[in-house]
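1. here are the coordinates; sequence isn't available:
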Ligand code: SF4
């Protein structure tokens, strides 16, 4: 299967009733600042370079970010922290991500998520994560990335679950990189949510170091 075929399947998905209702409700009601937008209001597919050796795994679309724009990390504060960092590291051609069609291109990097629909309070349930897991599995099969960057603990744990790895030595620690028995490198980063960036839990310098590590791991055995 090709990525574009997979992405069409993702966009058409209605498996999780709670999330379907929520994403569509948010798209209908909108936020005052975006009243002139026609919200995407559907699952958000993966985005990036189909030849990528780095796969980034986020959590879920932001209600007024990618649930509005239809592209991962586009149009909200998390993307406003992520894309400039990817640009500085040479993984993106520009730091800005405002809308689909804004000429943003990713090089050697692809962005996926453990849940493709915006969840209430940014919290997908375990059942919803299970429902969505096959899409991430397919992306791993198609892309065969060398490095997987988990943005947050939930993404980290989901990757280990997909590979059936139960090793207490593998702990989610910001900046830690593990060579998995599957051959992938798994690199841990705090999620660039406002909760982390505004509190200083994740700084620009800490985040830049993640993308430098990702670049080094591409070349490492
Ligand atoms: S979260 Fe995933 S499985 Fe659930 S409806 Fe959205 S795309 Fe489908």
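-> In hand now; what should we look at? Quick caveat, the model's predicted, so the values are computed rather than measured.
2. Going by C-alpha atoms from here, please, whenever you check contacts or count neighbours.
-> Noted.
3. C-terminal to the helix or strand where residue 130 lies, what's the next element?
-> In this structure, residue 130 sits in helix 126-143 according to DSSP states H and E. The helix or strand immediately downstream of helix 126-143 is strand 147-151, counting by DSSP H and E.
4. Just list what that next one packs against, helices and strands only.
-> For strand 147-151, the packing partners by 3 or more C-alpha pairs under 8 Å, 6 or more residues apart in numbering; DSSP states H and E come out as strand 54-58, strand 185-189, helix 204-219.
5. Out of those, which gets nearest to the ligand?
-> strand 54-58 (12.8 Å; C-alpha to the nearest ligand atom).
6. tell me what the closest one is packed against?
-> Using 3+ C-alpha pairs under 8 Å, 6+ apart: strand 54-58 touches strand 109-113, strand 147-151.
7. taking the ones you listed together, which one is wrapped up most tightly?
-> strand 147-151 (a mean of 26; mean count of other C-alpha atoms under 10 Å).
8. so how far is residue 29 from the most centrally placed residue in the chain?
-> Centroid-nearest residue in the chain: residue 58, 2.8 Å away (criterion: C-alpha atoms, centre = their mean). For residue 58, the distance to residue 29 (C-alpha to C-alpha, to the nearest Å) stands at 25 Å.
9. Ok, residue 213 next?
-> With C-alpha to C-alpha as the criterion, residue 213 and residue 29 are 41 Å apart.
10. out of these two, which sits in the more crowded spot?
-> residue 213 (17 against 10; other C-alpha atoms under 10 Å).
11. Show the model's pLDDT score for the more buried one.
-> You'll see residue 213 listed with a pLDDT of 98.
12. for residue 1, same thing?
-> pLDDT, residue 1: 72.
13. From what I see, it and residue 142 are in contact.
-> Yes. Counting by C-alpha atoms under 8 Å, residue 1 does reach residue 142; the two are 7.3 Å apart.
14. more neighbours, the two?
-> Remark: of residue 1 and residue 142, residue 142 carries more neighbours, 15 against 9, as counted by other C-alpha under 10 Å.
15. Identify the residues contacting that one.
-> 1-3 (C-alpha atoms under 8 Å, 6 or more residues apart in numbering).
16. cool, and residue 208?
-> 85, 88-89.
17. hang on, the earlier thing: can you give me the mean pLDDT across the helix holding residue 130?
-> On average, helix 126-143 scores 98.
18. and it with strand 147-151, angle?
-> 160 degrees (axes from the mean of the first three to the mean of the last three C-alpha atoms, to 10 degrees).
19. buried ones in helix 126-143?
-> 128-129, 132-133, 135-136, 139-140, 143 (16 or more other C-alpha atoms under 10 Å).
20. Just give me how far that helix sits from the chain centre.
-> 12 Å (C-alpha atoms, centre = their mean, to the nearest Å).
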